[in-house]
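Participant: All I have is the shape, not the residue letters:
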């Protein structure tokens, strides 16, 4: 901790006093009449003991309530002092690097892009009815299986940032009661990271068939996205702008994900998906309109409008 950081904190928040390692301030979110916002610069965390607003990156407070000069000075200081600790916390110790998951595609996998065989017409027509073009089939390397364990299923593989397959999703294009059947391996991957540009905003969606339609969409694969998941760690490390566009019936999951992202000081925008529709069912024009009208979510909005 440096005296300069304390000075910036005093310039940014309604500062009261220091109590051991905690700096106590008046909370700008719930505006309680007593200084209940506790800021620990050493641990890079903050918490209000009244409204329970909390975070694991103090820069969120500086960015939200400080001046531009405050923000730049804080980044300069933390780049020298704190950022390495934050990155170590995000990625784990260097001696405990996660082993990358690599798997093979199913036996009898047949590519669908550019295919004109009679047997491929049914899965291709199914995908066309879902608004997935031939160019997307090629970009996402979509295929199907005509026999074997994954017979009569669309197969969408996931490639890691080095181009190795780390997961795949399959969905029936017939009347099979089991819509999805996926490999018995971990889902803790960034699905198709090979196609993700971390310097651009990302859009979190529910499933792979939602993500296929637009650039930089990432399916969460049922995850609640906490700091232990690979996708969350990549987002936090990149500090990318995040749009979240989950199905309306995933409200509770969405609330938890938003809270986790805000705690790391990320810019979060909520895209309101129409009730009764999946994101993959709406037109490109309607999606762009919804994205343009996305609502920025901050701790104050979270506290006032979102009930857990």
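Facilitator: That came through, no problem. Quick caveat, the model's predicted, so the values are computed rather than measured.

Participant: The residue most central in space within the chain pairs with what?
Facilitator: Centroid-nearest residue in the chain, with Cα atoms, centre = their mean: residue 204, separated by 5.1 Å. As for beta bridges, residue 204 partners with residue 218, residue 244 under DSSP bridges.

Participant: next structured bit after the helix or strand of the chain with the lowest mean pLDDT?
Facilitator: In the chain, the helix or strand scored least confidently by mean pLDDT, DSSP states H and E is helix 83-91, which has a mean of 44. Next helix or strand after helix 83-91 toward the C-terminus (DSSP states H and E): strand 109-111.

Participant: Residues touching that following strand, excluding its own?
Facilitator: 119-120, 141-146, 155 (Cβ atoms under 8 Å, 6 or more residues apart in numbering). Heads up, the C-betas are built off the backbone N, CA and C, glycines and all.

Participant: 6 Å - rerun?
Facilitator: The contact list for strand 109-111, computed with Cβ atoms under 6 Å, 6 or more residues apart in numbering, reads 143-145, 155.

Participant: which of those lies closest to residue 241?
Facilitator: Relative to residue 241, the closest of the contacts of strand 109-111 is residue 155; by Cβ to Cβ it sits at 31.3 Å.

Participant: Quick check on the closest one: phi, psi?
Facilitator: Phi and psi for residue 155, reported as degrees, to the nearest 10, are phi -120, psi 120.

Participant: List the residues that contact it.
Facilitator: With contact set as Cβ under 6 Å, 6+ apart, residue 155 has these partners: 109, 143-144, 168, 170.

Participant: most surrounded residue in those residues?
Facilitator: Ranked by the number of neighbours (other Cβ atoms under 10 Å), the contacts of residue 155 place residue 144 first, at 28 neighbours.

Participant: burial measure for the closest residue to it other than its chain neighbours, as a count.
Facilitator: Leaving aside its chain neighbours, residue 144 sits nearest to residue 123 (4.3 Å; criterion: Cβ to Cβ, 6 or more residues apart in numbering). By other Cβ under 10 Å, the residues close to residue 123 number 26.
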